[in-house]
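**Q** Pasting a predicted model and its sequence here:
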Amino acid sequence: MNNLYNNNKNAIKSVIYLVLFFGIILTATNCRKNTETNKLSDKKSTEISLNVSVVDNRLVFNTREDYENAINYLSKKGDEYFPVWEKEIGFTSERKIEQEKENRESEFDALFATLLNPEHLIQIGNYIFKIDMKNENVYVLNKEDYSNDESFSSNNTIIYSTHDNVLDLLETHSNSGGGRESFCDPQKEGYYYWNTSGGQVMYKIVYQSAGIYHSLQAKIKKDHWGGAEYISLSTDDLNGPCFARYKNHCDNYKDSDGGYDREYELRPYQSTRRLTAFRWRIYFYMRDYGITPGSAGQSQTLEILCNESDHC
């Protein structure tokens, strides 16, 4: 009788253990599924929050806020993510076309070139913009007045300077670039060159104004793929870059990059509005291991300033 009782007791224990075991498995599985679902939801939420569409290989943002969100999103993702994003949304950018042309350099920094199509067009709200850096003009048309590139020759076209805060002027229905003197003008140092065993290494520092996009950028690149040259760039300022729009501030950002890839870029500021002041100093370095192993590298520091004494 005792044996029967013990056997039943052991059987009940086994059943309880099995139930607990499968319960734990089911809970873990559900947790994993919920985590995966949350990740998927987060991804979809991020994509939806950008609110961008592609029409005739032209990016279309419903609002200025959507456009600014895209700038912020891409700047945090980094340049290596730009081609991934373009592929995800089915877009061929100015950046991609210029990258495929050997030894060609886009007029725009990599982020802005990712937002423009090869004709330098973009749509924000009801306006279609054409950026002409050569003539320093931004052509603006209402979307109903646009059919092709010749449309920008019509009397309906509004023409701003690339030095203007174009989106601000459109919001206030102004055709004037008033107050322009309070903002910084574009500046550029470089490209400068180092000759190497594989070709040339080029480096520059730039403050760019393109009407609807303004940025600080430093870049070092080879004019060839591969090679034995180590290249790098880093901020050469104890407190980092300083820049101001409405008030003084210094932002945190990636302050160095380098290696054996073809190019590296730093971009501490990118916005729809121009800067009122900045100070930015960059240290460039190159060491060519293809010439003489152990030989010294070459370096150069470049700096650009605007109203630095008053604001930074």
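**A** Cool, got the structure. Numbers count the residues shown, from 1 in each chain.

**Q** any low-confidence regions in the stretch 101-250 of the chain?
**A** Scanning the stretch 101-250 of the chain for pLDDT under 70 picks out 102-105, 175-181, 238-240, 244-250.

**Q** How much space separates the nearest residue to residue 307 once chain neighbours are set aside from residue 212?
**A** Excluding the flanking residues, the one nearest residue 307 by CB to CB, 6 or more residues apart in numbering is residue 277, at 3.9 Å. Where C-beta positions appear, they are placed from N, C-alpha and C, glycine not excepted. From residue 277 across to residue 212, the span is 21 Å (CB to CB, to the nearest Å).

**Q** just to revisit the earlier point, state the phi and psi torsions of the residue nearest to residue 307.
**A** Here is the backbone geometry of residue 277 (degrees, to the nearest 10): phi -160, psi 150.

**Q** I'd like to know how far it sits from residue 75.
**A** Distance, residue 277 to residue 75, by CB to CB: 20 Å.

**Q** With residue 154 instead?
**A** Using CB to CB, residue 154 is found at 35 Å from residue 75.

**Q** Comparing the two, which residue is more hemmed in?
**A** residue 75 (18 against 11; other CB atoms under 10 Å).

**Q** wouldn't that one be in contact with residue 266 here?
**A** No: judged on CB atoms under 8 Å, residue 75 makes no contact with residue 266 at a distance of 11.3 Å.

**Q** Show me how the record splits this structure into domains.
**A** Domains of the chain are assigned by automatic domain parsing as 52-177, 187-311.

**Q** ok, back up a step: name whatever forms a beta bridge with the residue nearest to residue 307.
**A** Note on residue 277: beta-bridge partners by DSSP bridges are residue 244.

**Q** What about it, how many residues nearby?
**A** Applying other CB under 10 Å, we find 20 other residues in the vicinity of residue 277.

**Q** Next one: it from residue 183, what distance?
**A** 9 Å.

**Q** next one: residue 74
**A** Separation of residue 74 from residue 183 (CB to CB): 24 Å.

**Q** what's next to stretch 106-121, contact-wise?
**A** Under the contact criterion CB atoms under 8 Å, 6 or more residues apart in numbering, stretch 106-121 has outside partners 57-59, 67, 70-71, 74-75, 79, 82, 85-86, 91-95, 97-98, 122, 128-134, 149, 206, 208, 210, 213, 215, 217, 219, 265, 267, 270.

**Q** Show the pLDDT at the residue lying closest to residue 237 once chain neighbours are set aside.
**A** Of all residues beyond its chain neighbours, the one nearest residue 237 is residue 281 (4.8 Å), with distances taken as CB to CB, 6+ apart. The confidence metric pLDDT takes the value 92 at residue 281.

**Q** Hmm, residue 281 is touching residue 300, no?
**A** No: look at residue 281 against residue 300 with CB under 8 Å: they stay out of range, at 11.3 Å.

**Q** Looking only at neighbour counts, state which of those two leads.
**A** Neighbours per residue, other CB under 10 Å: of residue 281 and residue 300, the larger number sits with residue 281, 18 against 15.

**Q** helix or strand for that one, which one?
**A** Following DSSP states H and E, one finds residue 281 within strand 277-288.

**Q** Just the CA trace of that strand, in CSV.
**A** Below are the C-alpha coordinates for strand 277-288, written out as CSV (Å, rounded to 0.1, in the frame of the first residue of the first chain):
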residue,chain,number,x,y,z
ALA,A,277,29.0,81.9,-35.4
PHE,A,278,31.4,79.0,-35.4
ARG,A,279,35.0,77.9,-34.6
TRP,A,280,36.2,74.6,-36.0
ARG,A,281,39.7,73.2,-36.0
ILE,A,282,40.6,69.8,-37.5
TYR,A,283,43.8,67.8,-37.4
PHE,A,284,44.4,65.6,-40.5
TYR,A,285,46.9,62.8,-40.5
MET,A,286,48.3,60.4,-43.1
ARG,A,287,50.9,57.6,-42.9
ASP,A,288,51.9,55.8,-46.0
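
**Q** Tell me where this structure has helices.
**A** Applying DSSP state H to the chain gives helices spanning 2-50, 64-77, 82-89, 94-100, 110-115, 166-171, 308-311.
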